[in-house]
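In: just coords:
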């Protein structure tokens, strides 16, 4: 393109442009654009400093770039950094908020001082590195000095300890928040003695907190009620056939929480704000209550309920890592909370597995459950992976049944003599599945019936 010379209609200055017809110079175009955007926008208070200003556009929150930058810096301050730090300049009395672990001076000029605190002296104050630092000071450095709860309890060593301390102390002080004791069901007489079965409910990928194509938390709750009705129907069917249902095993297979910023492209725009579950703390609380209520409902149907939990990938705040620390997994946190909510009913036993897989026995058969994000690609890739895991003793023995999840679609096959069941999701039709496999998935969960002779006796798909 050939540049041409034009005269600006607003200021009269000559300027060059490759456009075939240009009316204004760059500065006047920018000013004109701001003037158009400003029309109809009233003065407002800066969200950071409180100054009244005239916004250039409707969604402008801050009066100037400086306020916007400071807010961005505060939000992205590196984790594990204390709230305030002493300047290394001994003559500077200011404390400041460090933006990274190597930020030592209140301002650059302080770095020119000849009277400096040593790095060891600064860290000693923060209790971050020296062996002599107390657990309390180390906890304050790790979690931030604003967290008063951590200052009050020197035994807290991790997020798990913090959560347990907070939840247990809260529910000990407010027992009315726990679910009431569930009375055992009336004994059902079977026509033939010794005929017993156990029911396994494969629950996963509820993704509570997601908002997609009009499907949110309230719709999820309605489908959970449908799942409860299906469980009751299958238990009754077994009893009518002369079987005693000795136990229900609820297997939570992960991704019960939707999470936020866990995987690429995920953000609050895809979260359910109508239920306020775009906040992770609310997601964990809602999921905990839904898991506890589901286990409690099963306790109204049979004498004993066992709950087996493995974490999913949506609950890993430290990114894609198959062996992420379980104490940082949102699904696991929700399960600990849920187990406390059902504390008044000791017939409900919780087993929260602190690994990427969990094993348990049902009617003498060994069952293994894992979320299923340990490999990329289709379900068929397990044809090679599962025999290798079994041969290498990963699961401590050969399972009769393997429960897997994550791929949002019901599927089943036999691999090296092992029955493998892949669970669906409770919402179905997810954009993830459509993008990955080119078709919409049917929303469904699975129920298995296991006897001493057969694992399983039967498999039931619960479609929503």
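Out: Yep, that arrived. All figures in this text were calculated on a predicted structure; none of them were measured in a lab.
In: helices of the stretch 101-250 of the chain, start to end?
Out: Taking DSSP state H, counting those that start in this stretch as the criterion, the stretch 101-250 of the chain carries its helices at 119-126, 135-143, 148-152, 159-173, 217-240.
In: tell me what the last one is packed against?
Out: Here helix 217-240 is seen to pack against strand 196-203, strand 244-252, helix 280-299, strand 444-451, strand 458-463 when contacts are counted using 3 or more C-beta pairs under 8 Å, 6 or more residues apart in numbering; DSSP states H and E. C-beta coordinates here come from the backbone N, C-alpha and C atoms, glycine included.
In: could you export these as TSV, including distance to residue 231, mean pLDDT and mean neighbour count?
Out: Below are those laid out as TSV (distance: least, C-beta to C-beta, whole Å; pLDDT from 0 to 100; neighbours: other C-beta atoms under 10 Å):
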stretch	distance to residue 231	mean pLDDT	mean neighbour count
strand 196-203	6	97	25
strand 244-252	7	96	23
helix 280-299	7	91	22
strand 444-451	7	96	23
strand 458-463	8	94	16
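In: quick one: which of these is nearest residue 177?
Out: Checking those against residue 177 by C-beta to C-beta gives helix 280-299 as the closest, at 9.7 Å.
In: any idea of the angle the helix or strand just after the closest one forms with strand 196-203?
Out: Reading on from helix 280-299 to the C-terminus, the next helix or strand found by DSSP states H and E is strand 304-309. If you take axes from the mean of the first three to the mean of the last three C-alpha atoms, to 10 degrees, strand 304-309 sits at 30 degrees to strand 196-203.
In: what lines up beside strand 304-309 in the sheet?
Out: Strand 304-309 pairs in its sheet with strand 244-252 (parallel), strand 348-352 (parallel), by DSSP bridges.
In: for residue 199, which of those is the nearest?
Out: Across the strands paired with strand 304-309 (criterion: C-beta to C-beta), the nearest stretch is strand 244-252, sitting at 4.9 Å.
In: distance from the chain centre to stretch 97-110, please.
Out: Relative to its chain's centre, stretch 97-110 lies at 33 Å (C-alpha atoms, centre = their mean, to the nearest Å).
In: what ranges does the stretch 301-450 of the chain have for its helices?
Out: Remark: helices of the stretch 301-450 of the chain, listed N- to C-terminal, are 330-341, 382-391, 431-437; assignment by DSSP H, counting those that start in this stretch.
In: got those helices as JSON lines, with mean neighbour count, distance to residue 257 and mean pLDDT columns?
Out: JSON lines is the format used below for the helices of the stretch 301-450 of the chain (neighbours: other C-beta atoms under 10 Å; distance: least, C-beta to C-beta, whole Å; pLDDT from 0 to 100):
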{"stretch": "helix 330-341", "mean neighbour count": "25", "distance to residue 257": "4", "mean pLDDT": "88"}
{"stretch": "helix 382-391", "mean neighbour count": "15", "distance to residue 257": "25", "mean pLDDT": "93"}
{"stretch": "helix 431-437", "mean neighbour count": "14", "distance to residue 257": "15", "mean pLDDT": "73"}
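In: identify whichever of the ones you listed lies nearest to residue 108.
Out: Among the helices of the stretch 301-450 of the chain, if distance is taken as C-beta to C-beta, the winner is helix 330-341, at 40.7 Å.
In: quick check: angle from that closest one to strand 304-309?
Out: The directions of helix 330-341 and strand 304-309 differ by 150 degrees, with the same axes, to 10 degrees as the criterion.
In: got the angle for helix 330-341 vs helix 280-299?
Out: Using the same axes, to 10 degrees: helix 330-341 against helix 280-299 is 50 degrees.
In: packing partners for helix 330-341?
Out: helix 159-173, helix 280-299, strand 304-309, strand 348-352.
In: please state the offset of it from the chain centre?
Out: The gap between the average C-alpha position of helix 330-341 and the chain average comes to 12 Å, counting by C-alpha atoms, centre = their mean.
In: what's the answer for stretch 281-288, then?
Out: Averaging C-alpha coordinates over stretch 281-288 and over its chain gives two centres that are 9 Å apart (C-alpha atoms, centre = their mean).
In: contacting residues around that stretch?
Out: Contact with stretch 281-288 is made by 206, 208-209, 217, 256-259, 275-277, 330-331, 333-335, 337-338, 341, as judged by C-beta atoms under 8 Å, 6 or more residues apart in numbering.
In: surely residue 219 is in contact with residue 428?
Out: No - with contact defined as C-beta atoms under 8 Å, residue 219 does not count as touching residue 428 (10.9 Å).
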